[in-house]
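Peer 1: This is a predicted model, with the sequence first.
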Amino acid sequence: MAGPTRTEKLKIGPLQLGSLEINFPVGLAPMAGISNSIFRSICKDFHCGFSFTETINAVEPTQEYYLSHERLVVEYEETPLGAQIFGSIPETMAESALQIEKLGRFDMIDINCGCPAPKIVAKGAGAALMNSPKLIGEIVRAVSSAVSVPVTLKTRIGVSPRKNNIVDIARAAEEGGASAITIHSRYATDKHDGPADWKTLRRIKSLISIPVIGNGGISDAEDAVEMFKKTGVDGVMIGRAAVGNPWIFKNIHCLINGNEIDRHTSLDRLKVVIKHLEGLTELMKKERHFPGKAFMPERKAALHFRTFLVKYLDGFDGNLRLRKKLPTMDSPHEIIEELKSLISTN
């Protein structure tokens, strides 16, 4: 959505999640293959107010499992940071949340109640939970009773247009003891496509007393400001719009405070891209991996970074040429040298 680069200062207060106060109520959504420690920390550098891990399967509630879980690695200062878990059995979810809290790395626990991925839905988790608000309430109550940190819920406006039961879900979360609910303003059947329904966000905000965090339909900073204005939500969560564009958080911060967006230069972009790739490589070195070229940390980081790189370089002259070369580049050093050459010409 196109919009101005300046707005009147908005009256947006801190996001209060139980005893946890988040000063800037704009956060990074949990995204598979995206929301690792290095990317979360980069977003935090640009005013991201809070973030969550990639979703974690709550099926093996043992301390050893969580101590070694790659998705629970925290290499940088990321507070406030939440861990998101998925599952369908209240007792297992509660024990998993407790083991994660014991790690001492996380400020909150988020329950995945909206992911439409088939491998998660097949386990009766994620979006499948939306078919049973009663079970959602039981899970939230069990997890809230097991941990001392705030418990939040991330869901959608319904499974499909024919089953729009978000009111029941939101009330179940509130009654179960959730400190907040994040609502992706699309149906599970829509995945990430189609128009976002912000009117439903506004309706839910008027019906429950716990904070509502809006998600979905945001492509730039102006959209985030519009979501605050049109829905009255207490916070906003950014997903795909932040991939390759961590500056979106800084831009939102500028607009909320009535300032012009601070445009970054090609050199600024290069520095962030290199930091991201080098940090990702270090993370990969610490992960468990099998021997062989396909699982060498440098190669794995280079392959994993392709999704980010395409987004980082969107709109750059020569981007198409670099994208064609990507399949042949399997080392961070090679990518960085190509980046320096590309950005020096822009």
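Peer 2: Good, I have the coordinates. Numbering: from 1, shown residues only.
Peer 1: Pull the distance from stretch 9-20 to the chain's centre.
Peer 2: 19 Å (Cα atoms, centre = their mean, to the nearest Å).
Peer 1: list the buried ones in it?
Peer 2: For stretch 9-20, a neighbour-count test (16 or more other Cβ atoms under 10 Å) marks 12, 15-18, 20 as buried. Bear in mind the C-beta positions are built from the backbone N, C-alpha and C, glycine included.
Peer 1: Beta-bridge partners for residue 27, please?
Peer 2: residue 50, residue 237 (DSSP bridges).
Peer 1: Neighbours of it, how many?
Peer 2: Residue 27 has 28 neighbours, counted by other Cβ atoms under 10 Å.
Peer 1: in a helix, that's where residue 182 is, yeah?
Peer 2: No: applying DSSP: H, G, I helix; E, B strand; the rest coil, one finds residue 182 to be strand, outside a helix.
Peer 1: now the buried residues of stretch 9-20 as TSV including secondary structure, distance to residue 177 and pLDDT?
Peer 2: Compiled in TSV, the buried residues of stretch 9-20 are given as follows (DSSP: H, G, I helix; E, B strand; the rest coil; distance: Cβ to Cβ, whole Å; pLDDT from 0 to 100):
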residue	secondary structure	distance to residue 177	pLDDT
12	coil	25	92
15	strand	17	97
16	strand	15	97
17	strand	12	97
18	coil	9	93
20	strand	14	97
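Peer 1: Return the helix or strand in the chain with minimum mean pLDDT.
Peer 2: Ranked by mean pLDDT, DSSP states H and E, the weakest helix or strand in the chain is helix 63-67, scoring a mean of 72.
Peer 1: re earlier: greatest separation within the buried residues of stretch 9-20: which pair is it?
Peer 2: 12 and 18 (19.3 Å; Cβ to Cβ).
Peer 1: what's near enough to touch residue 184?
Peer 2: Going by Cβ atoms under 8 Å, 6 or more residues apart in numbering, residue 184 touches 114, 154-157, 215-216.
Peer 1: Sorry, wrong one. I was asking about residue 305.
Peer 2: For residue 305, counting by Cβ under 8 Å, 6+ apart, the contacting residues are 276-277, 280, 332, 335.
Peer 1: quick check, nearest of those residues to residue 234?
Peer 2: Taking those together and measuring to residue 234 by Cβ to Cβ, the closest member is residue 276, at 29.8 Å.
Peer 1: Touching, residue 207 and residue 168? I think so.
Peer 2: No: contact criterion Cβ atoms under 8 Å: residue 207 and residue 168 do not qualify, at 10.7 Å.
Peer 1: which of the two has more neighbours?
Peer 2: The neighbour comparison of residue 207 against residue 168 (other Cβ under 10 Å) goes to residue 168, with 16 against 13.
Peer 1: isn't there a helix covering the more buried one?
Peer 2: Yes: the assignment for residue 168 is a helix, going by three-state DSSP.
Peer 1: With secondary structure added, can I get the contacts of residue 305 in a markdown table?
Peer 2: Converted to a markdown table, the contacts of residue 305 look like this (three-state DSSP):
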| residue | secondary structure |
| --- | --- |
| 276 | helix |
| 277 | helix |
| 280 | helix |
| 332 | helix |
| 335 | helix |
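Peer 1: thinking again about what came up before, adding distance to residue 27, write the buried residues of stretch 9-20 out as a markdown table.
Peer 2: Below are these laid out as a markdown table (distance: Cβ to Cβ, whole Å):
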| residue | distance to residue 27 |
| --- | --- |
| 12 | 13 |
| 15 | 8 |
| 16 | 14 |
| 17 | 11 |
| 18 | 16 |
| 20 | 12 |
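Peer 1: Looking at those, spot the one nearest residue 317.
Peer 2: Among the buried residues of stretch 9-20, residue 12 lies closest to residue 317 (Cβ to Cβ), at 37.4 Å.
Peer 1: what sits against the closest one?
Peer 2: 25, 228, 256.
Peer 1: Show the buried residues in those residues.
Peer 2: 25, 228, 256.
Peer 1: so can I have a markdown table of those showing distance to residue 102?
Peer 2: What follows is those, written out as a markdown table (distance: Cβ to Cβ, whole Å):
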| residue | distance to residue 102 |
| --- | --- |
| 25 | 28 |
| 228 | 36 |
| 256 | 36 |
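Peer 1: Nearest to residue 177 among these?
Peer 2: residue 25 (20.8 Å).
Peer 1: hang on, isn't the closest one packed against residue 235?
Peer 2: Yes: Residue 25 is within contact range of residue 235, at 3.6 Å (criterion: Cβ under 8 Å).
Peer 1: so where's the stretch 201-346 of the chain uncertain?
Peer 2: Counting by pLDDT under 70, the stretch 201-346 of the chain has low-confidence residues at 288-295, 318, 345-346.
Peer 1: now, which of the buried residues of stretch 9-20 sits nearest residue 220?
Peer 2: Nearest member of these to residue 220, counting by Cβ to Cβ, is residue 12, at 17.6 Å.
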